[in-house]
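Enquirer: Structure, please.
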Amino acid sequence: PSISPMIILGAKQGGRAWALLSTSTLAFWIFPGSPPIVPTRSHAMRTSPPLSPYGTFTGTLFQYSTSPSLVAFESSPPSSTSPPNKCILLGGLSDGLLPVPYAPLLESACHEKGWSLVQPIMSSSYLGFGNGSLERDTKEICALMNYLSCHMSAENFAIVGHSTGCQNSVHFIKHGDEDLVRQTKAIALQAPVSDREHAMLESSYEENIQLARRLRDDGKGDEMMPRSAFWAPITVSRFLSLQDVGGADDFFSSDLTDAEMKGRLSHIGRWGRCSGARLLVAFSGNDEYVPDKVDKNLLLQRLCNAMNTENSDVGEESIEVAMPLMLETGNHNLSAGEGESTIFVRAVAAMLDSKA
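Expert: Numbers count the residues shown, from 1 in each chain. Okay, the predicted model is just below:
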């Protein structure tokens, strides 16, 4: 293969400045000193990586916690340094910054409605989730919101949760700081699926669960599961939270009874009724992490029904706090399914517009 000419400027060699000019057939010193270096084939074959597939962002990087040290990135509308309305994007397991391919669309929609987009790094980001918990995540979400309120003019919040970010959103509404929860005016759950039901498709599921339960019962919840049990380093307690029946992360399983779903999700209705907030539940028809046997349309409606259980006081008209959105051809992170990411972001933008 041909190689573009390359010039490397260097420091002094033996008292003389030097430069190396190389092509596929030539390498020599403009100023002699040490022997020439001929480029290797591996260097010649180097290919360019794709240009940031999930977009590029301009904004402000800031540290919102010192212990532990945590940072977040805010991209604000061109007309505002840091507007009072903040939309926080929470990814799923192993995600961090730029967690989803629709992040640029979401940023544009936020800016059009006068909101900034905030992407945090939490202790559970990337592979940190394996030794974490929803409780720790909620504390750090509160720390982020508190910082934004104190130092970056925040008055109202919205949350877009993807995958496990949906669990974070639901947990925050129930266990987060009351004032910050009241300031949260809109939430969108994109791909609220069951980690447990997907794990149960594996032939080793029962063996792994029984091992984790024994270790927990022996007081070893902070010990690590074997490498063969999970695709990332994970403690016994987080493994059970994600994969055991009734685990702390088990909000969206289709085999939960209506009563069990209400017990886990009815606080959404109370939150919406008290604060005038709304929540969007967006489910993908081709989500690869949902077992084929699951009726996705039925599950979506059951989730919304459970969330809308406590959406009115006695004698008052009920309010539809949770609204369903089925993205028929979308996959888990909306990287597939023509136009589905646009439909989802438009639905989010409509909520932001009504809460601005």
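
Enquirer: For the closest residue in space to L97 that isn't next to it in sequence, list each beta-bridge partner.
Expert: For L97, ignoring the flanking residues on the chain, the nearest one in space by Cβ to Cβ, 6 or more residues apart in numbering is Q119 at 5.2 Å. Where you see a C-beta, it was placed from the backbone N, CA and C, and this is true even at glycine. Beta bridges link Q119 to F73 when assigned by DSSP bridges.

Enquirer: ok now do Q119, which residues does it touch?
Expert: By Cβ atoms under 8 Å, 6 or more residues apart in numbering, Q119 lies in contact with 57, 72-74, 88-89, 97-99, 103.

Enquirer: For L93, give me its contacts.
Expert: Applying Cβ under 8 Å, 6+ apart to L93 gives the contacts 129, 163-164, 195, 232.

Enquirer: And those, which is closest to A154?
Expert: Nearest to A154 among the contacts of L93 is T164, at 23.9 Å by Cβ to Cβ.

Enquirer: The closest one contacts P192, doesn't it?
Expert: No: in this structure, T164 is not within contact of P192 by Cβ atoms under 8 Å, at 9.5 Å.

Enquirer: can you map out the helices along this protein?
Expert: 41-44, 103-112, 134-151, 164-175, 178-183, 195-199, 205-217, 236-243, 258-265, 267-275, 296-307, 340-355 (DSSP state H).

Enquirer: returning to what we had before: can you lay out the contacts of Q119 as CSV showing pLDDT, distance to R270 and neighbour count?
Expert: Formatted as CSV, those follow (pLDDT from 0 to 100; distance: Cβ to Cβ, whole Å; neighbours: other Cβ atoms under 10 Å):
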residue, pLDDT, distance to R270, neighbour count
F57, 96, 35, 16
A72, 98, 28, 24
F73, 98, 32, 18
E74, 98, 30, 23
I88, 98, 21, 27
L89, 98, 25, 27
L97, 97, 33, 18
L98, 97, 34, 18
P99, 98, 29, 22
A103, 98, 31, 23
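
Enquirer: Would you check which pair of the residues you listed lies furthest apart?
Expert: E74 and P99 (15.3 Å).

Enquirer: gap between the residue nearest to the spatial centre of the chain and M225?
Expert: Closest to where the C-alpha atoms of the chain average out (Cα atoms, centre = their mean) is G91, at 0.3 Å. Distance of G91 to M225, computed by Cβ to Cβ, to the nearest Å: 22 Å.

Enquirer: and which of the contacts of Q119 is nearest to A188?
Expert: A188 lies nearest to L89 out of these, by Cβ to Cβ, at 9.7 Å.

Enquirer: if I look at the closest one, how far off is N168?
Expert: Look at L89 and N168: by Cβ to Cβ, they are 11 Å apart.

Enquirer: Check G339 too.
Expert: 27 Å.

Enquirer: Tell me which of the two has more neighbours.
Expert: More neighbours surround N168 than the other of G339 and N168, with 26 against 12 (other Cβ atoms under 10 Å).

Enquirer: I'd assumed R136 was in contact with that one.
Expert: No: using Cβ under 8 Å, N168 is not in contact with R136, being 10.3 Å away.

Enquirer: check contacts around the nearest residue to D177 once chain neighbours are set aside.
Expert: Of all residues not flanking D177 in the chain, C142 sits nearest, at 4.8 Å (Cβ to Cβ, 6+ apart). Applying Cβ under 8 Å, 6+ apart to C142 gives the contacts 172, 176-177, 180.

Enquirer: Which pLDDT does the model give R46?
Expert: With respect to pLDDT, R46 scores 85.

Enquirer: Tell me the backbone dihedrals of it, please.
Expert: Taking degrees, to the nearest 10, you get phi -60, psi 130 for the backbone angles of R46.

Enquirer: Now for it: which residues touch it?
Expert: So R46 contacts nothing (Cβ under 8 Å, 6+ apart).

Enquirer: Look up how far P53 lies from it.
Expert: Going from R46 to P53 by Cβ to Cβ gives 19 Å.

Enquirer: do the same with W271
Expert: 35 Å.

Enquirer: Between the two, which has more neighbouring residues?
Expert: Neighbours per residue (other Cβ under 10 Å) separate W271 from P53, with W271 holding more: 25 against 9.

Enquirer: Wait, the more buried one touches V181, no?
Expert: Yes: taking Cβ under 8 Å as the definition, W271 is a contact partner of V181 at 6.5 Å.
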